[in-house]
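following is a predicted model, sequence given first.
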Amino acid sequence: MSDIEQRLRGWCPHADECPRALIDEAADEIERLRAELAAMREQRDEARRDACAFQGIIKFDLQHPKGIISTAATLRLAKEIAAERGWDCFAQEGGGA
C-alpha cells in the first residue's frame, strides 16, 4: 500500500464523521490502477524487446545476407538497438539497455 492510500484510509478513521466507503473505494481504485499500470509496462517492455530483436535480425541479415544469426547475437543486437532508442526494456533480464 502506498503513502497516498494509507493517508486516504487513515484520513478519517471514524465512519460516522466521513464517507468511509468512498475513501476505501478511492484507495482500492488506486491499488487497482497501479497493478494495471505495472502489467501494461511489462507488456510494453515485451513489445519493445521483440521490436529490437526483429530489427537486430534484419540488421544482421542486411550485413550478412547468407549468414545465420545466433540467439546470443540476436540478443546483443537487440540490446544495442534498445540502448540507441533509450529503452530500458532489458534491464530486468540482467544487463539492460
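On my side now, so go ahead. In this text, all values refer to a predicted model and were calculated from it rather than measured experimentally.

and L8, what helix or strand is that in?
Element membership for L8, per DSSP states H and E: helix 3-11.

per-residue confidence for Q63?
Note for Q63: predicted pLDDT of 82.

neighbouring contacts of stretch 32-51?
2, 78, 82, 85, 87-90, 92 (Cβ atoms under 8 Å, 6 or more residues apart in numbering). Backbone N, C-alpha and C define where each C-beta goes, glycine included.

sort out which of those residues are in helices and list them.
78, 82, 85 (DSSP state H).

what's near enough to touch E5?
Counting by Cβ under 8 Å, 6+ apart, E5 has contacts 27, 30-31.

what about the spatially most central residue of the chain, distance to W87?
Central residue of the chain (Cα atoms, centre = their mean): R41, 2.6 Å from the mean position. Going from R41 to W87 by Cβ to Cβ, to the nearest Å gives 12 Å.

E31 now?
Taken as Cβ to Cβ, the span from E31 to W87 is 28 Å.
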